[in-house]
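> prediction below, plus the sequence it came from.
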Amino acid sequence: MHARIRIAATVAAALGVLVLTACDTGSTVVDKPKGSAAARADDDENTTKEKSEAPGIAEVGDTLTLKGSEDGSRLDVTVTKIADPAESADEFTEPGAGKRFVGVQFKLVNTGEAAYSDSPSNGAQVADSEGQQFDATFGDITAGPSMASSLKLKPGAQGLGWIVFEVPEAAKVATVQFTMDSGFADETGEWKLS
């Protein structure tokens, strides 16, 4: 009798694991900026209209607030500039045949209560107009200094730097994404590039 109970408990536990695995993890994509870059550029013109409209999809210059996995972990993330194509800063690092470098400059501001310590490039990706995603690659570009590979920010501190991606020559890069905790946090920021 005890053997049957143990077998039933084991089967129930296994089914519970399968159910938990199949559940939605709660991951969300954040693409509504704190303030629109277009609205800031046209600040003098149509100010009342811009303020009354809901913000659109984030673009270059817009800031998204993202939460990390730990309590009190939060960043304001801004895509400040794009370099497409980006030129290698040295003669030793070149994109592969039929590919090009694309650089995205990020500004990260720790607006949380906890220290931020991560490798930002691990949580960054670009996607082309077909939906193909590309992870960051190692390389320095002439557009400016790279983002630190191991960035540590106390609350209120900020980091700025370029993250480089290698994409097919013909690809039209459409979006860039950033996720805290090396890509494992529940919130992913997304900016429209084209």
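Happy to help now that I have it. Numbers count the residues shown, from 1 in each chain.

> can you tell me the closest non-neighbouring residue to residue 167?
Take residue 167 and drop its neighbours on the chain: the residue closest to it by CB to CB, 6 or more residues apart in numbering is residue 134, 5.1 Å away. (C-beta placed from N, C-alpha, C; glycine too.)

> one more: residue 174?
residue 129 (4.6 Å).

> surely that neighbour is in contact with residue 172?
Yes: judged on CB atoms under 8 Å, residue 129 makes contact with residue 172 at a distance of 4.4 Å.

> what residues are shared contacts of those two?
Listed as contacting both residue 129 and residue 172 by CB atoms under 8 Å, 6 or more residues apart in numbering are residue 194.

> ok, back up a step: for the residue nearest to residue 174, give me its contacts.
Contacts of residue 129 (CB under 8 Å, 6+ apart): 171-172, 174, 194.

> make JSON lines from those residues and add neighbour count to it.
Shown next, in JSON lines, are the contacts of residue 129 (neighbours: other CB atoms under 10 Å):
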{"residue": "171", "neighbour count": "19"}
{"residue": "172", "neighbour count": "12"}
{"residue": "174", "neighbour count": "16"}
{"residue": "194", "neighbour count": "11"}
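
> which one of these sits closest to residue 28?
residue 174 (19.7 Å; CB to CB).
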